[in-house]
Every structure is written in C-alpha cells, then in structure tokens.
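> A structural model of the following input is requested.
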Amino acid sequence: MAGMSGQSSEVYYECVRCGTTISSSELSKLLEIKCICGYRILKKKRPQVVKISKAV
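Numbers count the residues shown, from 1 in each chain. The predicted structure is shown next:
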C-alpha cells in the first residue's frame, strides 16, 4: 500500500505479570513466545494515537 510507508510495522506486547514491554522483533528471535520472567500471557499494547472519525 502506497500510503502506509510512513507508519512503522513494529507491534509491542506487554507481559500481564511483570509489565515488561516486548517488541515483535524480539519475540521472533525467541524459540517460545514468553516474557523474560517466564510468563506466557502477553497483551498487545494499543498505540497512543487517538483516531477521530466523522459521523455520517
């Protein structure tokens, strides 16, 4: 897509137990999907940008 060249495709996850932020590139380097504390439950962090749409 031509209009999406300015946006980064990096996705960040947060550990539910300790709150550590992990990027998707760091997770791809690991054999298992888990935090450094050993916990396997991660949630996707939402971006800080607020999207406003006009009602039709």
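> the most centrally placed residue in the chain pairs with what?
Centroid-nearest residue in the chain: residue 12, 2.1 Å away (criterion: Cα atoms, centre = their mean). Partner residues in beta bridges with residue 12, using DSSP bridges, are residue 23.
> following the lowest-mean-pLDDT helix or strand in the chain in sequence, what is the next regular element?
Ranked by mean pLDDT, DSSP states H and E, the weakest helix or strand in the chain is helix 24-29, scoring a mean of 90. In the C-terminal direction, the helix or strand that comes right after helix 24-29 (DSSP states H and E) is strand 42-44.
> indicate each strand paired with that following strand and its parallel or antiparallel sense.
Strand pairing (DSSP bridges) places strand 42-44 next to strand 12-15 (antiparallel).
> shaky segments in the protein?
1-8 (pLDDT under 70).
> with just CA atoms, put stretch 48-56 into CSV.
Written as CSV, here are the backbone C-alpha positions of stretch 48-56 (Å, rounded to 0.1, in the frame of the first residue of the first chain):
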residue,chain,number,x,y,z
GLN,A,48,-1.0,6.4,21.9
VAL,A,49,-2.7,8.0,18.8
VAL,A,50,-6.4,8.7,19.2
LYS,A,51,-8.3,8.2,15.9
ILE,A,52,-11.3,10.5,15.3
SER,A,53,-13.8,9.8,12.6
LYS,A,54,-16.6,12.0,11.5
ALA,A,55,-20.1,10.5,11.9
VAL,A,56,-22.1,10.2,8.7
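> flag every buried residue along it.
Neighbour counts over stretch 48-56 (16 or more other Cβ atoms under 10 Å) mark no residue as buried. Placement of C-beta: from N, CA and C, glycine included.
> what's the spacing between that stretch and its chain's center?
21 Å (Cα atoms, centre = their mean, to the nearest Å).
> residues in contact with that stretch?
The contact list for stretch 48-56 (Cβ atoms under 8 Å, 6 or more residues apart in numbering) is empty.
> sorry, back to before: buried residues, the least confident helix or strand of the chain. List them.
So, applying 16+ other Cβ under 10 Å, buried residues of helix 24-29: residue 27.
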